[in-house]
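*Asks:* everything below, folded, please.
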Amino acid sequence: MSLMGIDIGTNSCKAVVFSVEGKPLASASHSYKTYSPKPDYVEIDANLFWDAVIKSVREVASKVTADPVSALAFCSQGETMIAVDKYANPIRPAFMNADNRGVKEIKELVSQISREDLYQITGEPVHTMFGISEIMWFKKNEPDLYAQTYKIVSCEDFMMMKLGFDPLCNYSNCCRTFMLDIRKHDWSDEILSVAGICREKLGTPISSGQFIGYLSKSSAELLGLNQNVAVVSGGHDCPLAAFGSGAISSNVAADQAGTYEGVTMAASTPNTSKEALAVNINTYCHVLKDKYISLVLFPAGFSTAWYLSEFAAADYIEAEKERISVYKYLEQKVQELGTAPTGIFFMPHFVGACNPYNDVRSTGTIIGLTSYASRHKIYKSIYEGIAYEFKAVTALLNEYVGNFEDVYINGGGSKHNFSLALRAALSGKIMHRMQCDEAGCLGAAMLAGMATGVYKNAEDAVKQAVHVIDKVEPNPLLAKKYAASYNLYQNIYPSLEKIRELRSTI
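*Replies:* Numbers count the residues shown, from 1 in each chain. Alright, predicted model coming up:
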């Protein structure tokens, strides 16, 4: 028997089939593109999510006919909101997780419920990325479409409806709407009342790892799977990636190095202290029963994607000549530059700043360009900026959540040796690289396995399916080389406050 995890990400859907031992047996991925009709608007046709799921699942299922899939679960980015009719047809384009149009709506909410009280209820610092701001905007600005809407759902609710089930949403994804009471595990009546949102418009919150049902004949045929495949509730990508990395104890952290980079720690109770709120730590429901996570975030993969899109044409050509990936080629170019700092400071705030500032006004910034700034120096500086951000957010976890030495890293950012070494050196953490760099998919597959009796519990799932391939320990000499540069980097964000204020008036 095999288990499938399906990750509905910001830019693509990936389906991976695993053995019980956590070995990837087959994978497939299909991408989609968001668009911005106006500044701060980020949308997508939600049918693209479903199309990508169908294509990815069919492709991967065709590769494992000798060991067919027995159960599946979804992993997804959690803030995207989709308005649908009773038949799961989108009413309008989906509001993506990077959409920041709801500034006025969030201010209205905070004017009636304080930031402190909202944090106690949701475990989340106030931010426009959360689904509530887009729903409030939707109701106010498109009332006719809002009235036609049967449900406003997350990616997982949407998939459940497409598969013929009720709109069911796991607690961890519900938390990313900014409407769930994390202690009651239900929608907050107080928040819904102030926001003017009827709970009937929302999906039903349920625990992660809950057996939902078996695929219908039509759904199974559409996905290329057997009809007896069990569907299990999944989770938000950050806690699922933490589970899929084996970071289930309170003295280690997991790093999901993707488009957003999220560093998480598990906890038995939510940390909603004033100190945690002051630095905007997210604390919300885990995918594991009766557990919570503390999460710090920063934008990361947006920057490398931007470089590859705008500057890497020649790099792709050279990589093809050498018959290696463009990432491998760029890694070689970074190595040729040596271990000294580039002198270029790249702040990767392409969609605003996350911890500790939580500032949507912040933008990607490059300081230090000269005539000697080659494109490969700029590429290296991107990873320097990511490492600076990593050091800052792990320091926050250390101070406000708990001490830890080990970080289990997965995702695209884990593949770059220089970046991993710099993260370790600057943060002082031991970076463990996972055998499976699709930890979100693995975590979802492990949930599916737990729900269907393949694994006894979370500890058994980790023991059988999660494996570390190598680790990178902190290099004091490298840290010393970068100490002054990191200190300078820390001054960039506060020094640009006047620029942010003026830019907001344009």
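*Asks:* what residue of the chain is the furthest out?
*Replies:* residue 371 (36.4 Å; CA atoms, centre = their mean).
*Asks:* helix, strand, or coil at that residue?
*Replies:* coil (DSSP: H, G, I helix; E, B strand; the rest coil).
*Asks:* going forward can the numbers begin at 732, since that is how I track them
*Replies:* Got it, the first residue is 732 from now on, which makes the last one we talked about residue 1102.
*Asks:* need the pLDDT of it.
*Replies:* At residue 1102, the predicted lDDT confidence score is 94.
*Asks:* likewise for residue 1144?
*Replies:* 84.
*Asks:* check contacts around it.
*Replies:* Counting by CB atoms under 8 Å, 6 or more residues apart in numbering, residue 1144 touches 986, 988-989, 992, 1031-1032, 1117, 1150. Glycine gets a C-beta too; all of them are placed from N, C-alpha and C.
*Asks:* before we move on, what about residue 1227?
*Replies:* 1093, 1096.
*Asks:* how near is it to residue 1092?
*Replies:* In this view, residue 1227 and residue 1092 are 10 Å apart by CB to CB, to the nearest Å.
*Asks:* again with residue 936
*Replies:* Distance from residue 936 to residue 1092, by CB to CB: 32 Å.
*Asks:* same check on residue 1102?
*Replies:* 31 Å.
*Asks:* what about residue 1173, how many neighbours?
*Replies:* When neighbours are defined as other CB atoms under 10 Å, residue 1173 has 31 of them.
*Asks:* same check on the one 5 residues further on?
*Replies:* Each residue near residue 1178 was counted by other CB under 10 Å, and the total is 33.
*Asks:* try residue 833
*Replies:* For residue 833, the neighbour count with other CB under 10 Å is 25.
*Asks:* okay, the closest residue in space to it that isn't next to it in sequence: pLDDT?
*Replies:* Computed as CB to CB, 6 or more residues apart in numbering, the closest residue to residue 833 that is not its neighbour in sequence is residue 864, at 2.6 Å. Predicted confidence (pLDDT) for residue 864: 96.
*Asks:* looking at this, residue 864 is in a helix?
*Replies:* Yes: applying three-state DSSP, one finds residue 864 inside a helix.
*Asks:* residues contacting it?
*Replies:* Per CB under 8 Å, 6+ apart, neighbours of residue 864: 832-834, 836-837, 840, 909.
*Asks:* now do the contacts for the residue farthest from the centre of the chain.
*Replies:* Per CB under 8 Å, 6+ apart, neighbours of residue 1102: none.
*Asks:* still on that earlier bit, just give me the closest of the contacts of residue 1144 to residue 1191.
*Replies:* residue 986 (23.8 Å; CB to CB).
*Asks:* surely that closest one and residue 994 touch.
*Replies:* Yes: counting by CB atoms under 8 Å, residue 986 touches residue 994, with 5.0 Å between them.
*Asks:* if I look at those two, which residues touch both of them?
*Replies:* 1121, 1138.
*Asks:* out of the two, which sits in the busier spot?
*Replies:* Shown here are residue 986 and residue 994; by other CB under 10 Å, residue 986 has more neighbours (33 against 28).
*Asks:* got phi/psi on that one?
*Replies:* phi -120, psi 110 (degrees, to the nearest 10).
*Asks:* is it bridged to anything, and to what?
*Replies:* Beta bridges link residue 986 to residue 994, residue 1140, judged by DSSP bridges.
*Asks:* gap between it and residue 1143?
*Replies:* 12 Å.
*Asks:* now residue 782
*Replies:* For residue 782, the distance to residue 1143 - CB to CB - is 23 Å.
*Asks:* of the two, who's got more company?
*Replies:* residue 1143 (18 against 14).
*Asks:* quick check, that one in contact with residue 1171.
*Replies:* No: Residue 1143 is beyond contact range of residue 1171, at 11.9 Å (criterion: CB under 8 Å).
*Asks:* which of the contacts of residue 864 sits closest to residue 742?
*Replies:* Among those, residue 832 lies closest to residue 742 (CB to CB), at 20.0 Å.
*Asks:* show me the contacts for the closest one.
*Replies:* Per CB under 8 Å, 6+ apart, neighbours of residue 832: 769, 771-772, 826, 859, 864-865, 868.
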